[in-house]
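Asker: give the three-dimensional model of this entry:
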Amino acid sequence: MESRPLRYFVAVAEELNFARAAERLGISAPPLSRAIRRLETELGVTLFERTTHSVALTRAGEVLLAEARFALDALDAAGRRAQRAAGPDRKLVLAVKADGDAGLLEPVLERYATDPAAVPVTVRLCAWLEQPGLLRRGEADAALIHEPFDRTGLDSETLIAEPRVAVLGASHPLAARDQVPLADLGLRPGDVHRFLEDMRHEGRDLAQLLTRVALGELVALLPASVADRYPRPGVVYRPVPDAPPSLLAVAWPQHSRSTATAALVRAAASVAAAARQGDDGGAGAGQPVASTSARSWSLSGGPGRA
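Answerer: Numbers count the residues shown, from 1 in each chain. The predicted model follows:
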């Protein structure tokens, strides 16, 4: 199957309108419609239910959309990585949410720099959970990211598990408490993920979020390391003892064969292990967890070369 009909299909599936999809692709509607018909014939399935007024995906179309997006991302990513590999200066791109590294970023980079496979690192700061897309599109080689996230096409290792804290305005009634159970926030353990997703829509970065908390506009739930790293007037941090922990992971493309990326994963696992032992290389706030794949990469010296 060629990539062009897949790109045509994705455009129609996302627009659910042949005219808009054709405009987006820079072609006219009739050849687009013919291309979709040929694709359906090739696959032997109906991808769209069409009427004079609407276009809707069939079940087969929904499945193909998910797979096609992944396949096209992988194809584009291969091209980007090849272009970077052919460039005069090799580098590794590490995607990190600003203020979302649990204090690991600097020690990981320092440890990584001592590895013989290390290359210069460009840190790409990004928004909440933007990292998986950057990895799949080949715009980043590795990422520090909080779980859960979309692991499609990715491998990952959990590095640390931090307790969570409630972030409250100083005048909030709960600010006088020594700790705040989830029930006092109107939450159950199963509600935390949804709550965090809603919270992430309230501000692109931590500074915005803390400003809104200080103004009394919202309450946040954040990893405990934030309390030590970002003290702020008008904001108090209180432990939430029954909240599920905040998990920070290192992630990379599933089929990566880059020894430089393998070295960074080893460095991240090493720094996390040092945090467990209370060494200077750790973040201090989290409890590291086992890192099976990172250990196997370390033993083999990396899975191969990019």
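Asker: okay, CA-based contacts and neighbour counts for the rest of this
Answerer: Will do.
Asker: could you pull out the strands for this structure?
Answerer: Using DSSP state E, the strands of the chain run over 48-50, 55-57, 92-97, 121-126, 142-146, 154-162, 164-169, 220-223, 235-239, 246-253, 287-288.
Asker: just the mean pLDDT for the shortest one, thanks.
Answerer: Mean pLDDT, taken over the full extent of strand 287-288, equals 48.
Asker: reformat the strands of the chain as a markdown table; add mean neighbour count and distance to residue 29.
Answerer: Formatted as a markdown table, those follow (neighbours: other CA atoms under 10 Å; distance: least, CA to CA, whole Å):
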| stretch | mean neighbour count | distance to residue 29 |
| --- | --- | --- |
| strand 48-50 | 15 | 14 |
| strand 55-57 | 17 | 14 |
| strand 92-97 | 23 | 39 |
| strand 121-126 | 16 | 36 |
| strand 142-146 | 27 | 40 |
| strand 154-162 | 22 | 36 |
| strand 164-169 | 26 | 52 |
| strand 220-223 | 22 | 48 |
| strand 235-239 | 22 | 56 |
| strand 246-253 | 24 | 36 |
| strand 287-288 | 22 | 54 |
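Asker: lowest-scoring secondary structure element of this structure by mean pLDDT?
Answerer: Across the helices and strands of the chain, mean confidence by mean pLDDT, DSSP states H and E is lowest for helix 292-300: a mean of 36.
Asker: ok, back up a step: any chance of the strands of the chain in a markdown table, plus distance to residue 184?
Answerer: Shown next, in a markdown table, are the strands of the chain (distance: least, CA to CA, whole Å):
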| stretch | distance to residue 184 |
| --- | --- |
| strand 48-50 | 48 |
| strand 55-57 | 43 |
| strand 92-97 | 29 |
| strand 121-126 | 32 |
| strand 142-146 | 25 |
| strand 154-162 | 20 |
| strand 164-169 | 10 |
| strand 220-223 | 13 |
| strand 235-239 | 12 |
| strand 246-253 | 19 |
| strand 287-288 | 26 |
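Asker: wait, which of the ones you listed is closest to residue 177?
Answerer: strand 235-239 (7.5 Å; CA to CA).
Asker: what does the closest one rub up against?
Answerer: Applying CA atoms under 8 Å, 6 or more residues apart in numbering, the contact partners of strand 235-239 are 163-170, 175, 177-180, 210, 213-214, 224, 227.
Asker: skipping adjacent residues, who's closest to residue 72 in space?
Answerer: residue 3 (7.2 Å; CA to CA, 6 or more residues apart in numbering).
Asker: about what we covered before: and the strands of the chain: which comes nearest residue 109?
Answerer: strand 121-126 (8.1 Å).
Asker: all helices of the stretch 1-150 of the chain, in order?
Answerer: Counting by DSSP state H, counting those that start in this stretch, the stretch 1-150 of the chain has these helices, from start to end: 3-15, 18-25, 29-43, 59-86, 105-113, 131-136.
Asker: single out the most deeply packed of the ones you listed.
Answerer: Mean neighbour count (mean count of other CA atoms under 10 Å) peaks for helix 131-136 among the helices of the stretch 1-150 of the chain, with a mean of 24.
Asker: on contacts alone, who are the packing partners of that helix?
Answerer: With contacts taken as 3 or more CA pairs under 8 Å, 6 or more residues apart in numbering; DSSP states H and E, helix 131-136 sits against helix 59-86, strand 92-97, strand 142-146, strand 154-162, strand 246-253.
Asker: need these in JSON lines (columns: distance to residue 187).
Answerer: Listed next are the helices and strands packed on helix 131-136 as JSON lines, based on distance: least, CA to CA, whole Å:
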{"stretch": "helix 59-86", "distance to residue 187": "32"}
{"stretch": "strand 92-97", "distance to residue 187": "26"}
{"stretch": "strand 142-146", "distance to residue 187": "20"}
{"stretch": "strand 154-162", "distance to residue 187": "19"}
{"stretch": "strand 246-253", "distance to residue 187": "16"}
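Asker: using CSV, list the CA coordinates for stretch 138-151.
Answerer: Extracted in CSV, the C-alpha atoms of stretch 138-151 (Å, rounded to 0.1, in the frame of the first residue of the first chain):
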residue,chain,number,x,y,z
GLY,A,138,10.8,11.9,14.6
GLU,A,139,11.0,15.4,16.1
ALA,A,140,12.5,14.1,19.3
ASP,A,141,14.6,11.0,20.1
ALA,A,142,13.7,10.6,23.8
ALA,A,143,11.4,12.3,26.3
LEU,A,144,10.9,12.7,30.0
ILE,A,145,7.1,12.4,30.5
HIS,A,146,4.5,11.8,33.2
GLU,A,147,2.4,8.7,32.9
PRO,A,148,-0.1,7.8,31.7
PHE,A,149,0.4,8.7,28.0
ASP,A,150,-0.2,7.2,24.6
ARG,A,151,2.4,4.5,24.2
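Asker: not counting its own residues, what contacts that stretch?
Answerer: Here stretch 138-151 makes contact (CA under 8 Å, 6+ apart) with 73-74, 76-78, 80-81, 92-97, 100-101, 124, 129, 131-132, 134-135, 246-253, 261, 264.
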